[in-house]
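> below: sequence and its predicted model.
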Amino acid sequence: MYKIIGILFSIIILSSSAMAQSKKTLERKKKQTQKEIRYTNKLLKETQSSKIASYNELVLIEKKISLRQELINNILEEQSRLKQEIDENNDIIESLESDLKKIKEEYAEMLRFAYEHRNKNDVILFIFSAESFNQAFKRMKYIQQYSEYRKKQAKAIVDLKEQIKTRIKKLEVQKIELDQLVAEHTQETIALGVEKSSQTRIITNLSSEEQQLKRTLEKHQREKIHIQNAIAELIRREAKKARAKNKKNSFDALTPEQKLISKNFGENKGRLPWPVSRGIITYKFGLQAHPVLKNIKEKKNGVGISTTKGSLARAIFAGTVTNILPLSGNNSAIMIKHGEYITVYVNIKEVMVTVGQSVSAKQEIGTVYTNADDQRTTLELQIWKGTQLQNPIYWISKKK
């Protein structure tokens, strides 16, 4: 019985530890999501200072909706965790109460038997009627230990029951927390509805100007294709230079120091810092459907990170600046080489580095460009391995 109690107690401790970890994780995720929603609101205020409903406003609203939905899912997960913890502990205490009842019944039977045979002569007769000294000794020890054993059994389960009761009292407090989460869920659902209404309104406004939107998109696409081709050409030139030094591949042409940088860059996949100190991803890598224009898809060579006006771009790893590509509107793209890897930072207004300069991780390289029309401040980050594009989302850390 003691072993069973020990196992039950271990299960409770392990369960409590796992749930505590789960709670901390959920709370951390919720706080992070709420933080990102507040930051998105800040970016929206900057965008909404423009007189027209912009495409960027729609992108930010959609990001906010995504974050809000994530927050709601997080709240629902917290509710589920609390309900599970309450149910499990109720089941445990119900089981313990059943066991305790049986032991009390057995203990009462033992007391009745002891009362009926309370004459010391009966005990002495029981001991001396043994067939051997060894058996007599065992009978004597049994009599000594039996009562104490039962008392300890009952006490152990009573103690454990009290501990569980204490936990249930704590869970009563958590029920209040659960009610608060339900109220929070309702509040966030209402906010989500408002945001979806804003999304519909902006889509309707933009759709009413579909032809103008198409012309603007085509113009931006031409500019973007020009930029992408220019960057790709520079990347090819870098690879060609490397191959000229070594006919096998560009990696073999690297110096030992460059190979080490390249190796370190690759080993830090998923842990590289963000190219801005604060921001949110507003467009992803690859072919993306246009949120307003049907059957229109845009190819993205990197990820777009929206940030606040005046934010500084920074290198995500140590390397050497190989090119600074001028773009339209007093704008630039900076290319930094990290062995066989190259990172590209598009939409830099005030460049703070020069070609050939060595930079360190997180070193500031320029100011992120702010679009005058819609007040959009978005940095595009591209990552190349040789001439092959990489999806930056897999390279940068989930934590900024």
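Structure's in. What do you need? Numbering: from 1, shown residues only.
> what is the helix or strand harbouring Ser66 packed up against?
For Ser66, the element it lies in under DSSP states H and E is helix 55-116. Packing contacts for helix 55-116, counted by 3 or more Cβ pairs under 8 Å, 6 or more residues apart in numbering; DSSP states H and E, involve helix 2-47, helix 133-207, strand 280-283, strand 303-306. (Each C-beta comes from the backbone N, C-alpha and C, glycine too.)
> return the most buried member of the ones you listed.
Of all the helices and strands packed on helix 55-116, strand 303-306 has the most neighbours on average by mean count of other Cβ atoms under 10 Å, namely a mean of 24.
> which helices and strands sit right next to the helix or strand following that one?
Where DSSP H and E defines the elements, the next helix or strand beyond strand 303-306 is strand 312-314. If contacts are counted by 3+ Cβ pairs under 8 Å, 6+ apart, strand 312-314 sits against strand 364-368.
> CA atoms of the strand it packs on as CSV?
Included here for strand 364-368 are C-alpha records, laid out as CSV according to Å, rounded to 0.1, in the frame of the first residue of the first chain:
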residue,chain,number,x,y,z
GLU,A,364,24.2,49.0,-37.4
ILE,A,365,24.5,49.4,-41.2
GLY,A,366,21.9,52.1,-42.1
THR,A,367,18.4,53.6,-41.5
VAL,A,368,15.4,51.7,-42.8
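> tell me which other helices or strands the helix or strand just after it touches.
Counting by DSSP H and E, the element after strand 364-368 in chain order, helix or strand, is strand 378-385. Of the remaining helices and strands, those touching strand 378-385 by 3+ Cβ pairs under 8 Å, 6+ apart are strand 303-306, strand 341-351, strand 388-390.
> show me the domain layout of the protein.
Here the chain is described, according to automatic domain parsing, as comprising the domains 2-207, 220-394.
> ok, Tyr394 - contacts?
The neighbourhood of Tyr394, defined by Cβ atoms under 8 Å, 6 or more residues apart in numbering, consists of 269-270.
> swap in Tyr39?
Residues touching Tyr39, when contacts are defined by Cβ under 8 Å, 6+ apart, comprise 278, 280.
> and it, how close does it get to Glu350?
When Cβ to Cβ, to the nearest Å is applied, the distance between Tyr39 and Glu350 equals 23 Å.
> can you check Ser358 too?
Ser358 sits 20 Å away from Glu350, taking Cβ to Cβ as the criterion.
> these two - which one has more neighbours?
With neighbours defined as other Cβ atoms under 10 Å, Ser358 and Glu350 compare such that Glu350 has more, 14 against 11.
> what sits against the more buried one?
Under the criterion of Cβ under 8 Å, 6+ apart, the contact list for Glu350 reads 366-367.
> for it, list each beta-bridge partner.
With DSSP bridges applied, the residues forming beta bridges to Glu350 are Thr367.
> how close does it get to Arg278?
Counting by Cβ to Cβ, the gap between Glu350 and Arg278 amounts to 18 Å.
> next one: Asn41
Computed as Cβ to Cβ, the Asn41 to Arg278 distance reads 13 Å.
> equivalent analysis for Ile227, please.
Distance of Ile227 to Arg278, computed by Cβ to Cβ: 25 Å.
> sorry, back to before: the helices and strands packed on strand 378-385: which one's closest to Glu109?
Nearest to Glu109 among the helices and strands packed on strand 378-385 is strand 303-306; the distance by Cβ to Cβ comes to 73.7 Å.
> check which helices and strands the closest one sits against.
Contacts defined by 3+ Cβ pairs under 8 Å, 6+ apart place strand 303-306 against helix 55-116, strand 280-283, strand 378-385.
> mind putting the ones you listed in JSON lines, distance to Ile157 included?
Shown next, in JSON lines, are these (distance: least, Cβ to Cβ, whole Å):
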{"stretch": "helix 55-116", "distance to Ile157": "5"}
{"stretch": "strand 280-283", "distance to Ile157": "54"}
{"stretch": "strand 378-385", "distance to Ile157": "61"}
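> pick the most buried one from the ones you listed.
Ranked by average neighbour count under the criterion mean count of other Cβ under 10 Å, the helices and strands packed on strand 303-306 are headed by strand 378-385 at a mean of 24.
> ok, and what's touching that one?
If you take Cβ under 8 Å, 6+ apart as the criterion, strand 378-385 is touched by 56, 231, 235, 275-276, 279, 282, 300-307, 311, 313, 316, 340-348, 368, 371, 389-392, 395-396.
> can you select the buried ones among those for me in PyMOL?
Remark: buried members of these, expressed as a PyMOL selection using 16 or more other Cβ atoms under 10 Å:
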select buried, resi 56+231+235+275+276+279+282+300+301+302+303+304+305+306+307+311+313+316+340+341+342+343+344+345+346+347+348+368+371+389+390+392+395+396
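> which of the helices and strands packed on helix 55-116 has the lowest mean pLDDT?
Lowest mean pLDDT within the helices and strands packed on helix 55-116: helix 2-47, a mean of 68.
> tell me the mean pLDDT for stretch 326-336?
Averaged across stretch 326-336, the pLDDT comes to 87.
> swap in stretch 81-90?
Averaging pLDDT along stretch 81-90 yields 82.
> three-state assignment of Leu287?
At Leu287, secondary structure determined by DSSP: H, G, I helix; E, B strand; the rest coil is strand.
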